[in-house]
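K.L.:
Kindly return the folded structure for what I paste below:
(2 chains)
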Amino acid sequence: MEVDKGKGEAEETRKVAEADRDTVTLKSSDGKLFEVSKEAAARLSTVLAGMIAGGSIDDNGTDLKQIGSEALENVVDYCNKHANSIPSAALISSSISFNTAPFKEPEEWERKFVDRLSHDALFDLVEAANFLGMERLLDVTCHKISEMMKGKSPDQIREVFNIKNDYTKEELEEIRQELAWAFYDD
Amino acid sequence: MAEASRDARVVPSGAACRINALSTDVLLRAISFLEARQLVQTCVLSRRWRNLWRSFDGKAGTEIAYDVLFKNFINRFLMLRNPVALHEFRLQYKDANLWIRHALQSNVRLIEVFGGSIDLHLDPAVFASKFCFVTSMLLTLVFLEPPFFKNLQTGCTVLERLVLRSCIIYDPEISSHTLKVLTIDARIPLLKNMESLVTASFAFGTNDDLVDDMCQFLWSLHGITDLEFNYRGPKLEIKQDLQLYPKFNNLTTLTLGNWCVYEYFYALTIFLQNSPNLEQLTLKLRNGFNKSYPNLEDNLEDRSFTCEHLEDRSFTCEHLVIYVARIRGYGYRYTIRRYVDTPISQKHGYGIRRYI
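P.N.:
Next up, the predicted model:
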């Protein structure tokens, strides 16, 4: 498959011979180049789709100043993996089941994909997906965040995400009283 | 768990708080995956989180009720939410009508209601006002009484998809100018004005479940593109006069169950004869089919059909492989015979084969 070309990083001197390339080159904030299939980029990212359609793609590497190389590598990796998993996705959407729901549970490979990320890498990827308008990737990464919260107490959640509790004792008590119905069974 | 060292749950000590730095939209998207109670409880994490939950819009498909103890919780949850549009609403509870009304009034697009083991009677009046956003509705194990379908037609004016699973349907008639997808696995109401229908799936158990007149039923489906039709009851009465049945000019995908082979394949014949643009045919034949019809092939006569778009392809289903081929200028002729050496499965079955 052609899309495999996009994998990994492409250092400075990648040839830009064919005018009608089927890949686009993306440049991370720290200057690294990555190639990704044009079709996958346009399908998975509304921002890249807009740039491709608007002709603002730079063959020498489109600058994505907000995205670091590790996050961009994950983005490209996700695009390639997604392209390779199309058969299963097509199969699901063609089934007669009731599937207009905007969100579908992450597939096995998507789970593995986000599970291997470090804490920082996960959040870098969330931000990159948000910046690039990658709805599915944003859902999958946000879903991962929610799984890190699921079933945990507020204290445990603060610990997991390093959230500083900036409420006063009185404020907390006030909230718990106001929303008692959400904290206690009545 | 496996890769603890790179696990996202491990935060380096002294690290920045990444989650609070996310934009409100993204943060909301993440917590929308939580079940409702925990979603509200995030308000105590820090000031940043205090009112986030109020903008919950159900985009992630959060199930907000699955336990009757939640009644008070849900009532307050719905009342205290900001009045933002709801995307999705899934529910399993007996006193559901009030909440369904809330969801409809919040411009919900998809409604899914599961009655479960409780007798959930949907109040037709809930659907009577104008709700111009609902496009999909999935109802499972609920009671539908008149004028449910009438209100649905006048109230939910853009409804395109209606799936009724194991519902008890007392309403005798459904009419819609907007429905594109319809699934019913119980007594089928009289279908009227269904010209927009593209995909339909019916499965029912006894003769009583079917509208009285098979011909009329098929006429109401004559514009359909994709039809699945299963019947699991005793022998179905089918009038043996091809002139009585409509032409299915748009029909490209057809799935039929055992019943279509009764009466010497007459129902199958009707569809094949009257569906000139059929592209895919699947027969779902139950286990034990061979035993019930031991002399099937002996009873068959040659039949010829014209289906120009059924090219030299073989279609597979669990118990049957259908071979179709064109014969010079005559449309298609098939004979059905037992085949033994199928490459797909080792099971014996019947193949519809080109007649040589």
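
K.L.:
And the helices in the chain?
P.N.:
By default, I'm working from chain A. Counting by DSSP state H, one finds helices in chain A at the ranges A:38-44, A:46-53, A:69-84, A:86-94, A:108-115, A:119-132, A:135-149, A:154-161, A:169-178, A:180-183.

K.L.:
should've been chain B
P.N.:
Ranges of helices within chain B are B:24-31, B:36-41, B:71-80, B:97-105, B:148-155, B:214-219, B:262-274, B:289-292, B:296-299, based on DSSP H.

K.L.:
Among the ones you listed, show the one with the smallest mean pLDDT.
P.N.:
Lowest mean pLDDT within these: helix B:296-299, a mean of 42.

K.L.:
so where's the stretch 201-350 of chain B shaky on pLDDT?
P.N.:
B:205-213, B:233-238, B:258, B:261-266, B:283-350 (pLDDT under 70).

K.L.:
Quick one: name the residues of it near chain A.
P.N.:
Neighbours of chain A within the stretch 201-350 of chain B, by C-beta under 8 Å from any C-beta of the partner chain: B:201, B:228. C-beta: built from backbone N, CA, C; applies to glycine.

K.L.:
Beta-bridge partners for whatever residue of the stretch 201-350 of chain B ends up closest to chain A, please?
P.N.:
Nearest residue of the stretch 201-350 of chain B to chain A, counting by C-beta to the nearest C-beta: residue B:201, 6.1 Å away. Beta-bridge partners for residue B:201, by DSSP bridges, are residue B:183, residue B:228.

K.L.:
how close does it get to residue B:228?
P.N.:
In this structure, residue B:201 and residue B:228 are 4 Å apart, going by C-beta to C-beta, to the nearest Å.

K.L.:
do residue A:69 as well
P.N.:
In this view, residue A:69 and residue B:228 are 50 Å apart by C-beta to C-beta.

K.L.:
do residue B:23 as well
P.N.:
For residue B:23, the distance to residue B:228 (C-beta to C-beta) stands at 44 Å.

K.L.:
So for these two, which residue has more residues nearby?
P.N.:
Taking neighbours as other C-beta atoms under 10 Å in any protein chain shown, residue B:23 and residue B:228 compare with residue B:228 leading, 18 against 11.

K.L.:
I figured that one was touching residue B:260, is that so?
P.N.:
No. With contact defined as C-beta atoms under 8 Å, residue B:228 does not count as touching residue B:260 (11.5 Å).

K.L.:
How about the contacts made by the residue of the stretch 201-350 of chain B closest to chain A?
P.N.:
Contacts here follow C-beta atoms under 8 Å, 6 or more residues apart in numbering or on different chains; on that basis residue B:201 touches A:96, B:182-185, B:227-229.

K.L.:
ok, now with 10 Å
P.N.:
Residue B:201 is in contact with A:96, B:163, B:181-185, B:226-230, B:255, counting by C-beta atoms under 10 Å, 6 or more residues apart in numbering or on different chains.

K.L.:
Now, of the residues you listed, which are buried?
P.N.:
Buried members of the contacts of residue B:201, scored by 16 or more other C-beta atoms under 10 Å in any protein chain shown, are B:163, B:181-185, B:226-230, B:255.

K.L.:
on that earlier part again, quick check, nearest of the contacts of residue B:201 to residue B:31?
P.N.:
Nearest to residue B:31 among these, counting by C-beta to C-beta, is residue B:163 at 29.0 Å.

K.L.:
What residues are bridge-paired with the closest one?
P.N.:
For residue B:163, the beta-bridge partners under DSSP bridges are residue B:138, residue B:183.

K.L.:
Please tell me how far it sits from residue B:278.
P.N.:
From residue B:163 to residue B:278 the distance is 25 Å (C-beta to C-beta).

K.L.:
what do you get for residue A:167?
P.N.:
Between residue A:167 and residue B:278 the distance is 66 Å, computed by C-beta to C-beta.

K.L.:
higher neighbour count, the two?
P.N.:
Comparing residue A:167 with residue B:278 by other C-beta under 10 Å, the one with more neighbours is residue B:278, at 21 against 18.

K.L.:
from what I can see residue A:134 touches residue A:42, true?
P.N.:
No. Residue A:134 lies out of contact with residue A:42 (C-beta atoms under 10 Å); the separation is 11.4 Å.

K.L.:
Mind listing the shared neighbours of these two?
P.N.:
Taking C-beta under 10 Å, 6+ apart as the criterion, residue A:134 and residue A:42 both touch residue A:48.

K.L.:
and these two? which has more neighbours close in?
P.N.:
Using other C-beta under 10 Å as the criterion, residue A:134 and residue A:42 rank with residue A:134 on top: 25 against 16.

K.L.:
quick one: pLDDT of the more buried one?
P.N.:
Looking at residue A:134, its pLDDT reads 93.

K.L.:
Ok, the one 10 residues further on next?
P.N.:
Residue A:144 is assigned a predicted lDDT (pLDDT) of 96.

K.L.:
now residue A:15
P.N.:
Here, the pLDDT recorded for residue A:15 equals 42.

K.L.:
Low-confidence regions, chain A specifically.
P.N.:
Applying pLDDT under 70 to chain A flags the ranges A:1-20, A:85-103, A:184-186.

K.L.:
hang on, isn't residue A:76 packed against residue A:70?
P.N.:
No. Using C-beta under 10 Å as the test, residue A:76 is too far from residue A:70 to be in contact (11.1 Å).

K.L.:
which residues do the two both contact?
P.N.:
Listed as contacting both residue A:76 and residue A:70 by C-beta under 10 Å, 6+ apart are residue A:28.

K.L.:
Compare neighbour counts for these two and give me the winner.
P.N.:
More crowded of residue A:76 and residue A:70, by other C-beta under 10 Å: residue A:76, with 23 against 18.

K.L.:
Okay, the more buried one and chain B: tell me how far apart.
P.N.:
19 Å (C-beta to the nearest C-beta, to the nearest Å).

K.L.:
nearest spatial neighbour of the residue nearest to the spatial centre of chain A, skipping sequence neighbours?
P.N.:
Central residue of chain A (C-alpha atoms, centre = their mean): residue A:137, 3.4 Å from the mean position. Distances taken as C-beta to C-beta, 6 or more residues apart in numbering or on different chains place residue A:129 nearest to residue A:137, at 4.1 Å, with adjacent residues excluded.

K.L.:
want to try TSV for the helices of chain A, with distance to residue B:219 as columns?
P.N.:
Output for these, formatted as TSV (distance: least, C-beta to C-beta, whole Å):
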stretch	distance to residue B:219
helix A:38-44	41
helix A:46-53	45
helix A:69-84	45
helix A:86-94	28
helix A:108-115	46
helix A:119-132	50
helix A:135-149	43
helix A:154-161	60
helix A:169-178	60
helix A:180-183	54
